[in-house]
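# this one's sequence-less:
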Ligand code: AMP
């Protein structure tokens, strides 16, 4: 199974924000888009970084509530590790696990084409395992 197939089901929408926007604006967008991460981009849409719920918890605890008024670009992780639409799901899951993060921007030949979370990948793998188990049951029962 390829990451491209996950995006085909999930869609290609990516929530993006300029680095000068505030942490509060980033969080408000994350809540309304129902996502756990935002890509921070420049005016030409080039990716500068990623800001996730984990970053929000970290900066709130270390800096207090006033951090919500500061630029999200000050708190993002720069140059996020990307994956390709043509990568396999197990390869991307293992990369996420090795790096201890749960989100990855996805690129194809034309550029950024989506973002996947560990949740997308795990739920897809579970569906696939359930389907395979069902097929095995049907095979065993039929024979
Ligand atoms: P997450 O588990 O995705 O909420 O992220 C945990 C930490 O890793 C946060 O500081 C994120 O900014 C950072 N992070 C998330 N995704 C990536 C990525 N693809 N590349 C580099 N850092 C990331």
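On my side now, so go ahead. As the structure is a prediction and not an experimental result, all values here were calculated from the model. Numbering: from 1, shown residues only.
# find the residue at the geometric middle of the chain.
residue 103 (3.1 Å; Cα atoms, centre = their mean).
# how far away is the residue lying closest to it once chain neighbours are set aside from the ligand?
Nearest residue to residue 103, sequence neighbours excluded (Cβ to Cβ, 6 or more residues apart in numbering): residue 37, at 4.1 Å. From N, CA and C alone the C-beta is placed, and that goes for glycine too. Using Cβ to the nearest ligand atom, to the nearest Å, residue 37 is found at 6 Å from the ligand.
# wait, the residue nearest to the centre of the chain touches residue 120, no?
No - here residue 103 lies out of contact with residue 120, judged by Cβ atoms under 8 Å, at a distance of 9.6 Å.
# what residues do those two have in common as contacts?
Common contact partners of residue 103 and residue 120 (Cβ atoms under 8 Å, 6 or more residues apart in numbering): none.
# and stretch 42-56, anywhere near the ligand?
Yes - contact check for stretch 42-56 against the ligand, using Cβ under 6 Å from any ligand atom: residues in range are 50, 52-55.
# now swap in stretch 13-27 and tell me
No - Stretch 13-27 stays clear of the ligand (Cβ under 6 Å from any ligand atom), getting no nearer than 11.5 Å.
# average pLDDT for that stretch?
When pLDDT is averaged over stretch 13-27, the result is 97.
# go through it and flag the buried ones.
14, 17, 19, 21, 23, 25-27 (16 or more other Cβ atoms under 10 Å).
# how about residue 35, secondary structure?
coil (DSSP: H, G, I helix; E, B strand; the rest coil).
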